Every structure is written in C-alpha cells, then in structure tokens.
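> only the shape, not the letters, is given here:
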C-alpha cells in the first residue's frame, strides 16, 4: 500500500513559551509524510527552492519517503514565521513568504499512479481538485483546507469538497465553512457539501469523526478520539498535519476502509499529533518507533475505555 | 445507599437562542438532586423563601428526593437571571438576588447522618467546610466551587479543598485555581491542594478525571468521558450540576469506590449533563427513565470505544 500527499514543504521560524528555532524544516506535506511513514509508503508531491539542501531531503528519505515528486524551482522555499503564546491553540503569524510555492503546479510522477490513497494537504482548492481528478482511480481521498480558502474561494472549495472522501479541519474552520456555531449542525452541513466523512480536530480536546448517512456502514453515531493531556506542548506547529498523517497512513495500511478502520485511524491520528507537539518542528516525528506508537495507542485506549 | 447534597435551590429567568422562561425552578442542589435521583436516594439541604410553593416541592418529591433538610425562611428564594448567546458555553448574568440564600446556614437533619456520600455544591467554602466536618464519617465527599470563591476567598477555599475527595470544576476554574494555563499541569497543582481526584468539565468536549498519585488504584492515567454532540443545546443551565448528580449518584449506588466505578461515573455524569441541556430548566430531568439513561450510556460507549 502507498499514499500520495500533495502539499507544502516549508521552512519555519518558530517561537513558543519553550524556546525558538530559526528556519527549520516544516510544511504540511513534511509533517504528514513523516507521520504517515510509520504506517505505509509515502510519496510526496511538493515544490522546494534552492535553499532546500540534501540534509533537508535526508530527513524525509531516512523515513523512506519517496521524493521523486519534489520539484526544485529557482528561488527560495516557502517560509513561515510564527509565534505561540500561553494559549498554544492559536498561532500568531509574523511573516509569510510564499516564494516558489506561489507558482506551485503539482505534477504527479507516473510512478505514483499505482497508489490507492491520496491526501490533499492545505493548498489552493483549484490545485487540489486538479490533482484529485488526475488520481481518479484511488480508493480514498483525504483533504484539508483553511480559513483563507473558506472565506474567499468558496466556489473552488465547493468543487474540491465534492471530490474528497474525508475532510479534516478544525472547529473554527468547520463552523466558518458551515456558517453555523453549533458543531454537530456544522458537521452535518459540511457533509452535505460532499465528503463522506468529516474529521473535526478540537486541539487539546481530541477530534471527532462525523459520517454522512449510510456511508461506512456500522451505525450513525460519530466517534471521538481523545488527545493526550500533555503537560508541555513545546511546539504545536504541524499537529494537525501529523494527525492527518497518522490517520491516512493507518487507513492506507489496512487494505479496506470501514468504520472500524476509521475509528482506529482516529486514535492513530491523535497519537501522532501528540508526539509531534512534544518537541520543536519535526524532531519527534523523525525518531519514533512503531513500538512507541503502539504503546501510546494503548494509553489512549486506557484514557477513554471503560473496561 | 444515599447521598446528601448541600447547595442552592433557586428560581431562574433564562433566555437562550431557543426561547425564554421566567422564574423556573433551578439552583445547583435542584439539578443535582433530580439527576442523582435516578441512581440513589437523595437528601437535600438548602434554604428557600416564601415563594417556594408545594408545586415546586412536588418536582423534587416526585423523584423521591428527601426534603427534610429544606429550610424555609422569610423572604424570597435565591433568584438568578441569565442569557446565553450563540456560544452556549458562556452565560451572561443579568441579575442575581441572593435573598434568603445570603444568610444560608446549612443544618443537616439528624436523619441524614447515616448517608455515606456527600456533595457540597457551589456555596461559600466556609459553609462547605463546616458541613463536611459535621459529616466526617462519610465514604466520599464531592465538591464544586466557582471563580468568585477562587478569586477572593482563596484561604477558605484551601480549607475546603483539603476536605474533599473529588472536586468537580470546569476548565476556566481549574486554570484560575492553579494559576496555570496548561490544563494537565493545572490539574496536578489542584490535586496537590487536597482532592484525591479532580474532574474537569470541558463543556461540549466532555470531561476528564485526573487522579492523585496512588489514589484509587488502577493506573496513573486520567480518564476522559465525551459529551454528546448535540444539535440543539436549548438551555445549558445546570449542565454541570446535572453532571455532578449523575457522577455522584452513580458512585453512591455502587457500594465501593474504585477506579472502575469512577470511570463509569464519568460516563453517567456526561449522560445526565446531555439530557439536562435538551430542554429548559429541569424539565428533561423530571421525566427520564433508567432505560433512557442506559440507552444513552451505550451511545456514549459507541462514541468512544474502538471495539
């Protein structure tokens, strides 16, 4: 099994109450790939600039990530600078330089076409839709988006939503997308826009998956995975993408997609998100073992299971 | 088995996006009693004024609540008027008239002393401490408090915290009490103040119980119960007290207090909270059946359990 992810590779400068880092490897596709690499083969499609070195590449290739879909463009890699205060759920953006990402035109290498799973990280929904239509044969497509596209690119986003099986967004984005302040009602409205399932991430409160009626047979109730109550969230950057990597990576490793698989995927998503925030950048995601992952999976089970 | 609850009986005037009600029966002890009455015998200690009629009393006695600890004082019953906007997690207080509650001096009827469980709803911590010391023989004491006591009555609250086994508060109160914006760290600090376990209620995200090291043997991990994703929260008033009623009521029905019982109590707390907010005031809590409660318990299980 393998999964193709299309998204950003970036450099981040970060400040949190626990310290700061300058220009470290980041980007949705990077977090996603490293996270998913513990479950399945990952193939990435992204664009980087001339400042992306073989050392940066090695971070991904060491985890077996297929980099043939990485385009190298003249100029600099996408750069983001941000700061987190005591409330780690809210990032303050200090600077964004799109650089080579501004003209990103995702090209799927021919060798990637036998992948059965696809994840559309947060990029222009027009590009997401195009990639999705190119990979029309896949078993399951996951997708992400953000407030920028929800506010000002509603029509294009609507096209994308009709082509995605599972949408992964956070509370604020779900409420904004649906124009409804009740989360369960917002969930239903978003499901009416196309996705067969909707994962809403609640930050430190975990995440809930809502199912469209009749999809993924096995009851009509949503399912909620907890987050680990962590004393120290050193760097929340990439938590959502790490969640998506664990979620989609686990699904891709299972051969079939049913409600049981999706529930376990919710737990693995939460597990990977919880690891990601323990250290700065992708540090923790680079050095995990499957044993550590399953150990934490069991903690999540203890955290929520009655028996 | 039986439980004694000490707290407020009140009249509430409420406005929510779903409608409004004038001077309906409310108060922490009322919500708690009705909720707990589905699990165990409940004995209430409170004060009411001359406007508390036999009809109001019948709401409680119909559910078998022992009213011998209700004092009747000249004047009016405690009155609260509040309003909820789209964000149902935040009440805006429009008016508070303490009335007879201002001089509340809880008296435990002699017949109540054979109760093994005690719940100290949100009242002056000096009174909570006095009641607790009077009922020194009980197996387990639960308690609640609020930001007013945390801010301006810290010393008295500290005394109370050393006498309570399980404290039930919400996120904001826990962070304020600990002076720490990290919830798990705040939880640990609050546990150092006395309670053997701490239940932190997260509103629509459920609730987490944290255990003091070595207490309630059976692992050192916290336990999280979900909330039901409800389309329509008609009236959030009393949700926390209904949670406490289900939580403490279930414990009192079990004979022994161990981690397994506490975990199930978390679920029953969430169940009762979810019923309470479906209708205005105590309406839904008056007419439940144990069957409906256990049916919803099973939904909560489906919502969180992998298998």
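Nice, I can see it. Keep in mind it's a predicted model, so treat the numbers as computed, not measured. Residues are numbered from 1 along each chain as shown, chains lettered A, B, ... in the order given.
> tell me how far the ends of stretch A:179-188 are from each other?
This stretch, stretch A:179-188, spans 12 Å end to end (Cα to Cα, to the nearest Å).
> look up how far residue A:208 lies from the residue in the stretch 1-150 of chain A positioned nearest to chain B.
Residue nearest to chain B within the stretch 1-150 of chain A: residue A:86 (4.4 Å; Cβ to the nearest Cβ). Every C-beta, even on glycine, is put in place using the N, C-alpha and C of the backbone. Distance, residue A:86 to residue A:208, using Cβ to Cβ, to the nearest Å: 26 Å.
> those two: which has the busier surroundings?
Between residue A:86 and residue A:208, counted using other Cβ atoms under 10 Å in any protein chain shown, residue A:208 has the larger neighbour count: 24 against 11.
> now do the contacts for the more buried one.
A:183, A:187, A:199, A:200, A:202, A:222, A:223, A:224, A:225, B:229 (Cβ atoms under 8 Å, 6 or more residues apart in numbering or on different chains).
> just put these in a markdown table and tack on neighbour count and secondary structure.
Output for these, formatted as a markdown table (neighbours: other Cβ atoms under 10 Å in any protein chain shown; DSSP: H, G, I helix; E, B strand; the rest coil):
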| residue | neighbour count | secondary structure |
| --- | --- | --- |
| A:183 | 21 | helix |
| A:187 | 26 | helix |
| A:199 | 29 | strand |
| A:200 | 26 | strand |
| A:202 | 20 | coil |
| A:222 | 20 | coil |
| A:223 | 24 | strand |
| A:224 | 27 | strand |
| A:225 | 30 | strand |
| B:229 | 21 | coil |
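> so the residue of the stretch 1-150 of chain A closest to chain B is in which element?
Residue A:86 belongs to no helix or strand when assigned by DSSP states H and E.
> nearest residue to it other than its sequence neighbours?
Leaving out its chain neighbours, the residue that sits closest to residue A:86 by Cβ to Cβ, 6 or more residues apart in numbering or on different chains is residue B:181, at 4.4 Å.
> hang on, that neighbour in a strand?
No. If the criterion is DSSP: H, G, I helix; E, B strand; the rest coil, then residue B:181 is coil and not within a strand.
> burial count for residue A:246?
Neighbours of residue A:246 under the rule other Cβ under 10 Å: 30.
> from memory it sits against residue A:271, does it?
Yes. Using Cβ atoms under 8 Å, residue A:246 makes contact with residue A:271 at a distance of 6.0 Å.
> if I look at the residue of the stretch 1-150 of chain A closest to chain B, how far off is residue A:112?
In terms of Cβ to Cβ, residue A:86 sits 42 Å off from residue A:112.
> again with residue A:211
29 Å.
> residue A:289 now?
Residue A:289 is 27 Å from residue A:112, by Cβ to Cβ.
> residues in contact with residue A:107?
By Cβ under 8 Å, 6+ apart, the neighbours of residue A:107 are A:45, A:69, A:71.
> the helices in chain A, which residues?
For chain A, applying DSSP state H gives helices covering A:28-36, A:54-61, A:125-134, A:147-152, A:154-161, A:171-178, A:183-192, A:239-252, A:259-276, A:283-286, A:290-304.
> which of those helices is buried the deepest?
helix A:28-36 (a mean of 31; mean count of other Cβ atoms under 10 Å in any protein chain shown).
> other residues contacting that one?
If you take Cβ under 8 Å, 6+ apart as the criterion, helix A:28-36 is touched by A:3, A:5-10, A:42, A:44-46, A:59-60, A:63, A:65, A:119, A:121-122, A:144, A:238, A:241-246, A:248-249, A:252, A:272, A:276, A:282, A:285-286.
> return the distance of it from the chain's centre.
7 Å (Cα atoms, centre = their mean, to the nearest Å).
> contacts only, for residue A:69.
Applying Cβ under 8 Å, 6+ apart, we find residue A:69 in contact with A:4, A:6, A:43, A:44, A:45, A:46, A:106, A:107, A:108, A:109, A:112.
> show me the contacts for residue A:193.
If a contact means Cβ under 8 Å, 6+ apart, then residue A:193 has A:158, A:161, A:162, A:177 as its contacts.
> tell me the one of the residues you listed nearest chain B?
Nearest to chain B among the contacts of residue A:193 is residue A:177, at 16.2 Å by Cβ to the nearest Cβ.
> and the closest residue to that closest one other than its chain neighbours, how close does it get to residue A:169?
Sequence neighbours aside, residue A:150 is the residue nearest to residue A:177 in space, at 5.1 Å (criterion: Cβ to Cβ, 6+ apart). Computed as Cβ to Cβ, the residue A:150 to residue A:169 distance reads 9 Å.
> which neighbours do these two share?
residue A:177.
> returning to what we had before: select only the buried ones of the contacts of residue A:69 in PyMOL?
Applying 16 or more other Cβ atoms under 10 Å in any protein chain shown to those leaves a buried subset, and the PyMOL line that selects it is:
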select buried, chain A and resi 4+6+43+44+45+46+106+108+112
